[in-house]
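S.K.: below are the sequence and a predicted model; questions follow.
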Amino acid sequence: MSKATLIRLLIIIFVGGGIYAYFIGTTKKDSEPQDIKVIEPIVLKQESKQWIVTYTNSGFFPDSLVIKKGDTVIFENKSSRNVWVASATHPSHREYPGTDIKKCGTEEAGSMFDACRGVSPEASWSFVFSNVGMWKYHNHLNIEDFGSIIVE
């Protein structure tokens, strides 16, 4: 193979690879959903923030969130049905310290990672995370919908 043929072959490979990479990158970008919302914290005080997790008919978004100890997570119901946010595991809700479904309806209910009720569409429920760890949660009314909050 002559030097000129080798150079032409390398140019064809280089240009072809660039075109391939361009179209693969463009196709991937164009096929991604355009309505993805970037999660930004709402600053309450210098040391704490509020985060929003939205519940839709497709489940929780985002389904995993990393926050700091003392941050608040607001669970907004944007679905067509009630959602009952509760600590894992179903049905006891005991993963988050101090949380237990048996305490719903007691004075301790307000300090638990458990809404202890169905939250209607367009309403919300919030919780301040004071324990470091990974805390899984679910929709007690539809246990196939779940997520996790990682508290640093």
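M.R.: Now that the structure is in, tell me what you want to look at.

S.K.: could you pull out the strands for this structure?
M.R.: In the chain, the segments counted as strands under DSSP state E are 42-45, 48-56, 59-61, 64-67, 72-77, 85-87, 124-128, 133-139, 142-151.

S.K.: just name the most buried of those.
M.R.: Among those, strand 85-87 has the highest mean neighbour count (mean count of other C-beta atoms under 10 Å), at a mean of 27. Just so you know, the C-beta spots here come from the backbone N, C-alpha and C atoms, and that holds for glycine as well.

S.K.: pLDDT of it, averaged?
M.R.: Strand 85-87 shows a mean pLDDT of 97 in the predicted model.

S.K.: just to revisit the earlier point, relative to residue 3, which of the strands of the chain is closest?
M.R.: Judged by C-beta to C-beta, the one of the strands of the chain that comes nearest to residue 3 is strand 64-67, at 55.1 Å.

S.K.: ramachandran coordinates for the residue nearest in space to the middle of the chain?
M.R.: In the chain, the residue lying closest to the centroid (C-alpha atoms, centre = their mean) is residue 62, at 2.0 Å. Main-chain torsions, residue 62, degrees, to the nearest 10: phi -70, psi 160.

S.K.: ok, the spatially most distant residue from the centre of the chain - contacts?
M.R.: When distances are taken from the C-alpha mean of the chain, residue 2 lies farthest, 57.7 Å away, according to C-alpha atoms, centre = their mean. Counting by C-beta atoms under 8 Å, 6 or more residues apart in numbering, residue 2 touches no other residue.

S.K.: then residue 136?
M.R.: By C-beta under 8 Å, 6+ apart, the contact list for residue 136 reads 87-89, 95, 146-148.

S.K.: just give me the closest of the residues you listed to residue 109.
M.R.: For those, the residue nearest residue 109 by C-beta to C-beta is residue 87; the value is 12.4 Å.

S.K.: name the residues linked to that closest one by a beta bridge.
M.R.: Residues in a beta bridge with residue 87, per DSSP bridges, are residue 137.
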